[in-house]
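Novice: below are the sequence and a predicted model; questions follow.
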Amino acid sequence: MHFFWLCDERIVNLWFNLLLLDIMALEVTGKLIVIQPTQQIKENFSKREFVIEISQQTNTGMTFTNFASFQLVNNACSVIDQFQLGQEVKVSFDIRGNKWERDGQVKYITNLNAWRVEAAMAQPQAGGYQQPQQQYNAPQQPQQNFNAPPQQGTSFEPNVGDDLPF
């Protein structure tokens with residue numbers, strides 16, 4: 001079905017960007033170890049950074065510790081005020097990347113933009129990384145006939161429905 005030719009390109013781009021935002025929404029749980037003061041970058045832009053410690057235990061019993069630095073921007077800068085250092089928090093965030101050029105050199109920066117911080121209720125057993133759970137029905141036994149069409153439920157492609165935003 002080719003309905004996009006009927007749509008304004010701006011509408012299609014907006015819809016695509018909204019889909020990307022949903023895909024890129026992530027969550028992680030860890031111990032709050034640093035809260036920086038709010039920085040006024042420009043007249044209409046301020047940011048505040050904080051760091052959480054994320055410990056993950058592997059199935060072999062080894063523990064790995066990572067440190068993730070997040071930023072809150074503008075009105076969200078005060079979200080972190082209600083938490084204390086050492087407290088377990090769950091951070092909902094998006095990955096945002098920018099590209100710029102200076103002196104003929106292309107540079108890239110990636111930010112973890114937090115949009116929600118809440119007290120963690122329970123620590124996950126296998127580590128702090130959490131993503132929205134999606135269930136995929138993988139085959140229980142290896143397929144012998146590689147030319148056969150894929151079984152229903154094994155596709156990782158999103159279901160395309162008739163729910164259009166316009």
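Specialist: Received it, and whenever you're ready, just let me know what you need.
Novice: so where's this protein shaky on pLDDT?
Specialist: Within the chain, the set of residues satisfying pLDDT under 70 comprises 1-25, 122-166.
Novice: where along it do the strands fall?
Specialist: With DSSP state E as the criterion, the chain has strands at 26-35, 39-42, 45-57, 63-73, 88-102, 105-119, 129-130.
Novice: any chance of the ones you listed in TSV, with mean neighbour count and distance to residue 80 too?
Specialist: The C-beta positions use only the backbone N, C-alpha and C, and glycine is treated the same way. As requested, the strands of the chain are arranged in TSV below (neighbours: other C-beta atoms under 10 Å; distance: least, C-beta to C-beta, whole Å):
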stretch	mean neighbour count	distance to residue 80
strand 26-35	17	6
strand 39-42	10	13
strand 45-57	17	5
strand 63-73	15	6
strand 88-102	14	9
strand 105-119	13	6
strand 129-130	16	19
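Novice: what's the end-to-end length of stretch 32-47?
Specialist: Length of stretch 32-47, first residue to last, C-alpha to C-alpha, to the nearest Å: 17 Å.
Novice: for residue 40, list the residues it contacts.
Specialist: Applying C-beta atoms under 8 Å, 6 or more residues apart in numbering, one finds that residue 40 lies in contact with residue 46.
Novice: distance to residue 81 added to the strands of the chain, as JSON lines?
Specialist: Output for the strands of the chain, formatted as JSON lines (distance: least, C-beta to C-beta, whole Å):
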{"stretch": "strand 26-35", "distance to residue 81": "8"}
{"stretch": "strand 39-42", "distance to residue 81": "15"}
{"stretch": "strand 45-57", "distance to residue 81": "9"}
{"stretch": "strand 63-73", "distance to residue 81": "10"}
{"stretch": "strand 88-102", "distance to residue 81": "12"}
{"stretch": "strand 105-119", "distance to residue 81": "10"}
{"stretch": "strand 129-130", "distance to residue 81": "24"}
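Novice: to residue 82, which of those lies closest?
Specialist: strand 105-119 (8.3 Å; C-beta to C-beta).
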